[in-house]
Every structure is written in C-alpha cells, then in structure tokens.
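**Q** Would you be able to build a 3D model of this:
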Amino acid sequence: MSKKSPQSLAAELKPFVAPFRVDGSSEFHLKSHKTADKGGIDKDKGEKVIDANRKRLNDFQEKLYAQDRWSLLLIFQGMDAAGKDSAIKSVFDGVNPQGCEVTSFKQPSTKELDHDFMWRSAIALPGRGRIGIFNRSYYEECLVVRVHPETLAKQKIPPRLVTRNIWRERFEDISAFEHYLTRNGTVILKFFLNVSRQEQRERFLDRLDEPAKNWKFSMADISERALWGKYQAAYQEVVRHTATAAAPWYVVPADHKWFARVVIGSVIVNALEKLDLKFPEVDDASLEEFKQVRKALENEGKGVAVRKAEVKKASSGKAAKK
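**A** Here you go, the predicted structure:
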C-alpha cells in the first residue's frame, strides 16, 4: 500500500468523519441525523475503503504499541441489533490481538455494585501503547439506568444523594473523567450506532428466521424495544451533554452495516494519523551493540558452514574407500 501524506489521507477520509462528529460546539438533535446515510458511495466503494482502513489501522497499531506513549479508548453504544459486535469484528479484522482488548459490560455484578459506577470501567482502561474497546460502557448508567430508574436502588447509593439532578451530575462526572484521561495521553473516540426502529425490527426477524442467529435473540430485547422513545431521548441527552472537543461523539448511520464500518474505521485511522506515530529510534550505543551482535551471528554462521563442509568431506572420503 502506497504511503499517503497526512494532508491527502485526512482529505480522503474527511467525508466519512466530519459529517458525523459531534463535539459540543453546536446544538445536537438526534432526529437530524439520518440512520440510512451512505455518504454518497455504494457498497463496492465502501468495501474498498474498509479494506484500506484495515491495513492502515494495522500499521498504526504496531507503531502505537512500539512507541508506548498514547493509548486509544473506543466506546461503542447503540440500541440492540445496532451492529456493535459485528462492526468491532470487521473493523479490527487482522489487527494484532496482543495490543487490542475488547471489554463487554453486562449487568453489574455484586462486587461491581459495591463500587462507584465508573469503577469497573476504570480498571479496564487500556494501558499505554494499547487499544481498548468498550462494547457498551459507563454510559449505560445514563441510558439503561435512566430508562429504568428502579435499578438505582440496587446501586446502594445513599438515598440523600439520589436527587433529580443525578443525571446532570453523572454527565459532569463522565466529562471530567474523560478530560482527565485525555490529559494523560488517552485518545477517546465514542461511537453511537444510530439504527432506525424499522431496521432493528428487520434484524430481530432475521435472528428468528436463521437458526445460526437464534442465540442472539432475547425476549428482553422486545421489552426494551417498547421503550424506544425513552431510549432515543436518553441517547440525545447523553450525546448533548458529554460531547466535547477532547472526547467527541460520532453518530454513525447504522442501517447499512457496511457504511457504519466505513465511518468507524475512517474515524479511528484519522485520529491515529494525527498522533504522528513512529517506531522508536535506536540510540548510537545500541547501534554499536547491534554491530557486535551481527558480527557474532555472522561468525557463528561461518562456523556452522565450515563444520558442514568438513562433515560432507569426511562422508565423501568414507564413501570413496568403500
């Protein structure tokens, strides 16, 4: 793959990044973001972009790991059947798993409920040089918990602290936490996979029709679907109050899975390219040491070659005597 200049790569990816970025600089309305947008390209063109981004991501990930300075946190949120799992699998296909870890956050355990709502996410954060992927995240505390406020009782929060301001307070806590992380070298990219209610219905039917997908179906999904309006309002509030320049949201059109992958891969590659990642340079002392090691290895190779020649000569002499 030919190397592109930062300017040309940024320009190439801009149509798949800029329209979907929400950084708090303007008013956000979820309804203004189309779920079936295809960015003016067809699926064939999209697949080429996806493949190119995979190669770029693999190259950047190696440098990120070797440089060991920055870390990358990717947060995926969306309604059931929005395509989070398949998007993660597709975008990171071929990336070295040693430098990348996916954490899926399910219903909190008893141990997790004995801590603050950010605790289980904090202990799963990626270290320097690594990519951490959160399949759902601490944002569930302002989504599922907000739609089902009765679950707050299970979190053992002192009653006097559970006021009508709790959601605003959680937005403030999350934003402060994310600013803290970015100031310490963690790049945060947040993706809301924006799927339509009709497309979700089709995907649920698909899970029922195909035996290989039956395991994905849950009656709880249907119960949550009945609360669609409340979830859409909750997502709008989350994006509106936690989108910042330091930790932007990307509202990804998710009705066409292939285009969602175009956007996600382009956003990640674009962000990594801005870090100016490079393999660490070796100092003069190490280079001199390398020369000595090379000389020793080459001499070792010569010795092996001599011994092989001597063995071959001895074998030929024995054969001649016979």
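
**Q** Show me what counts as buried in stretch 137-147.
**A** 137-146 (16 or more other CB atoms under 10 Å). C-beta here means a position set from N, CA and C on the backbone, and glycine is covered the same way.

**Q** For it, give me every contacting residue.
**A** With CB atoms under 8 Å, 6 or more residues apart in numbering as the test, stretch 137-147 has contacts from 75-77, 105, 117-118, 121, 151-152, 155, 167, 170-171, 174, 177, 190, 227, 230-231, 234-235, 237-238, 242.

**Q** Now do that stretch: distance to the chain's middle.
**A** 19 Å (CA atoms, centre = their mean, to the nearest Å).

**Q** and the end-to-end length of it?
**A** 16 Å (CA to CA, to the nearest Å).

**Q** ok, now stretch 204-224?
**A** By CA to CA, one end of stretch 204-224 lies 12 Å from the other end.

**Q** Can you give me the buried ones in it?
**A** Quick answer for stretch 204-224 (16+ other CB under 10 Å): 204, 207, 216-217, 221, 224.

**Q** any idea how far it is from the chain center?
**A** Distance of stretch 204-224 from its chain centroid, counting by CA atoms, centre = their mean, is 25 Å.

**Q** Over to stretch 258-269?
**A** From the chain centre to the centre of stretch 258-269 is a distance of 11 Å (CA atoms, centre = their mean).

**Q** Ok, stretch 33-46 next?
**A** With CA atoms, centre = their mean, you get 21 Å for stretch 33-46.

**Q** same for the helix or strand hosting Tyr235, what does it pack against?
**A** Assessed by DSSP states H and E, Tyr235 sits inside helix 228-242. Other elements packing on helix 228-242 under the criterion 3 or more CB pairs under 8 Å, 6 or more residues apart in numbering; DSSP states H and E are helix 144-147, helix 166-183, strand 186-194, strand 249-253.

**Q** most neighbours per residue, which of these?
**A** Ranked by mean neighbour count, these are led by strand 249-253 with a mean of 25 (mean count of other CB atoms under 10 Å).

**Q** okay if I get the buried residues of stretch 137-147 as CSV plus pLDDT and distance to Lys84?
**A** Listed next are the buried residues of stretch 137-147 as CSV, based on pLDDT from 0 to 100; distance: CB to CB, whole Å:
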residue, pLDDT, distance to Lys84
Ser137, 98, 11
Tyr138, 98, 16
Tyr139, 98, 12
Glu140, 97, 12
Glu141, 97, 17
Cys142, 98, 17
Leu143, 98, 13
Val144, 96, 14
Val145, 97, 19
Arg146, 97, 19
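
**Q** Show me which pair in the residues you listed is furthest apart.
**A** Spanning the widest gap among the buried residues of stretch 137-147 are Ser137 and Arg146, at 14.5 Å by CB to CB.

**Q** ok so, going back, the helices and strands packed on helix 228-242: which one's closest to Gly132?
**A** strand 186-194 (8.5 Å).

**Q** tell me the angle of that closest one relative to helix 166-183?
**A** Per axes from the mean of the first three to the mean of the last three CA atoms, to 10 degrees, the angle that strand 186-194 makes with helix 166-183 is 130 degrees.

**Q** could the helices and strands packed on helix 228-242 go into a markdown table alongside distance to Leu125?
**A** Shown next, in a markdown table, are the helices and strands packed on helix 228-242 (distance: least, CB to CB, whole Å):
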| stretch | distance to Leu125 |
| --- | --- |
| helix 144-147 | 21 |
| helix 166-183 | 7 |
| strand 186-194 | 7 |
| strand 249-253 | 19 |
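
**Q** Looking at these, spot the one closest to Lys89.
**A** strand 186-194 (13.6 Å).

**Q** what separates the closest one from the chain centre, distance-wise?
**A** On CA atoms, centre = their mean, the centre of strand 186-194 falls 8 Å from that of its chain.
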